[in-house]
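[1] model the following, please.
(one chain, ligands or ions: 2)
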Amino acid sequence: MGQAKPLPILITGGGRRIGLALAHHFLNLHQPVIISYRTKYPAIETLCEAGATCVQADFATDEGIMAFAERIKAETPGLRAIIHNASAWMPESPETPLSETLSCMLQIHVHAPYLLNHALQELLRGHGHAASDIIHFTDYVVERGSDKHIAYAASKAALDNMTRSFARKLAPEVKVNAIAPSLIMFNEHDDADYRQQALNKSLMKIAPGEKEVIDLIDYILTSCYVTGRSFGVDGGRPLR
Ligand SMILES: NC(=O)C1=CN([C@@H]2O[C@H](COP(=O)(O)OP(=O)(O)OC[C@H]3O[C@@H](n4cnc5c(N)ncnc54)[C@H](OP(=O)(O)O)[C@@H]3O)[C@@H](O)[C@H]2O)C=CC1
Ligand SMILES: Nc1nc2c(c(=O)[nH]1)N=C([C@H](O)[C@@H](O)CO)CN2
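    Numbering: from 1, shown residues only. Ligands and ions are numbered 1, 2, ... in the order given. Prediction:
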């Protein structure tokens, strides 16, 4: 009897950077992948050619989130995992009303995972003990706050708390864990001074890149026991 085809891993925000690297990683292992993307970068076409199912979605509204959930339920009878990667790193800014910044941060980091986990939970269930996973991308700032990204940090703290709530709700079929990175990779616009300042904030003084996160996710997915936990990927920053 042949092996059943593996169920897909759903990655939100798979169009660039960490989400994109994760998608290619799993595709290279012949693990089916579904990604959400907001902007249609050339990388999306490449992902489709590599076999990913790419679904356009904007989580800026609850309607957009729920429409995406319905699309996923129509796409597959089950899911191996949901990786909530989609995010925006919005600072408080004089150009943007504070209420808008707070709403945007809560929308992408709280509404989207909360509504998608509820809407898609039955796709994760029924595959056996610890057979499926939810992974929330939070942030090191959950534990110490941020004076320039207050709404961002608060929304990631809510996501951190939901990790424990969903772990309690969905065990033992579904494990729910968080990854709390500090600097992983720079943005293109980061200048040399910012980069040096950011590197100096950790003990390890590097921006490790996507593989650091990919390797941790591979471990979490193989575990039959770890749930409700947050994994700091922060280069010893708390010890500085
Ligand atoms: N990079 C780092 O050093 C760190 C990353 N993290 C966390 O790791 C995760 C991945 O980081 P990184 O790759 O840098 O993230 P990015 O900010 O580069 O990309 C996030 C993705 O989310 C998508 N997204 C943003 N808003 C929406 C929305 N309203 N609806 C749908 N999709 C949306 C973006 O789409 P679009 O391309 O269209 O904008 C983008 O593809 C994030 O959760 C982040 O908070 C935490 C600490 C450090
Ligand atoms: N959605 C994003 N969140 C975060 C990013 C990012 O690029 N996109 N970057 C960081 C920083 O690297 C920070 O951890 C170090 O200065 C935080 N969150």
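
[2] please enumerate the strands of this protein.
    All strands of the chain, identified by DSSP state E, fall at 9-11, 33-37, 53-56, 81-84, 132-137, 174-181, 230-233.

[3] got the buried residues for the helix ranked longest in the chain?
    Assignment by DSSP state H gives helix 150-170 as the longest helix of the chain. For helix 150-170, the neighbour count (16 or more other CB atoms under 10 Å) marks 150-160, 162-164, 166-167, 170 as buried. C-betas here are computed from N, CA, C, even on glycine.

[4] stretch 125-137 now?
    In stretch 125-137, the ones that count as buried by 16+ other CB under 10 Å are 130-137.

[5] what distance do you get for residue 51 to residue 31?
    10 Å (CB to CB, to the nearest Å).

[6] the two: who's more crowded?
    residue 31 (17 against 12; other CB atoms under 10 Å).

[7] need the contact list for the more buried one.
    By CB atoms under 8 Å, 6 or more residues apart in numbering, residue 31 lies in contact with 6, 8-9, 80.

[8] would you mind measuring from residue 218 to residue 83?
    According to CB to CB, residue 218 and residue 83 sit 12 Å apart.

[9] sorry, wrong one. I was asking about residue 6.
    Noted for residue 6: a distance of 15 Å to residue 83, by CB to CB.

[10] and this structure, which residues reach ligand 1?
    Residues of the chain lying close to ligand 1 (CB under 6 Å from any ligand atom) are 13, 15-19, 38-39, 57-60, 85-89, 108, 137, 139, 181, 183-185.

[11] these in helices, which ones?
    17-19.

[12] closest to ligand 2 among those residues?
    residue 17 (7.1 Å; CB to the nearest ligand atom).

[13] ok, the spatially most central residue of the chain - contacts?
    Nearest residue to the geometric centre of the chain (CA atoms, centre = their mean): residue 85, 2.0 Å. Residues near residue 85 by CB under 8 Å, 6+ apart: 11-14, 18-19, 22, 137.

[14] now with 10 Å?
    Residues near residue 85 by CB atoms under 10 Å, 6 or more residues apart in numbering: 10-14, 17-20, 22-23, 35-36, 135-137, 179, 213.

[15] any idea how far it is from residue 55?
    Distance of residue 85 to residue 55, given as CB to CB: 14 Å.

[16] try residue 103
    Separation of residue 103 from residue 55 (CB to CB) stands at 24 Å.

[17] one more: residue 45?
    Distance from residue 45 to residue 55, by CB to CB: 14 Å.
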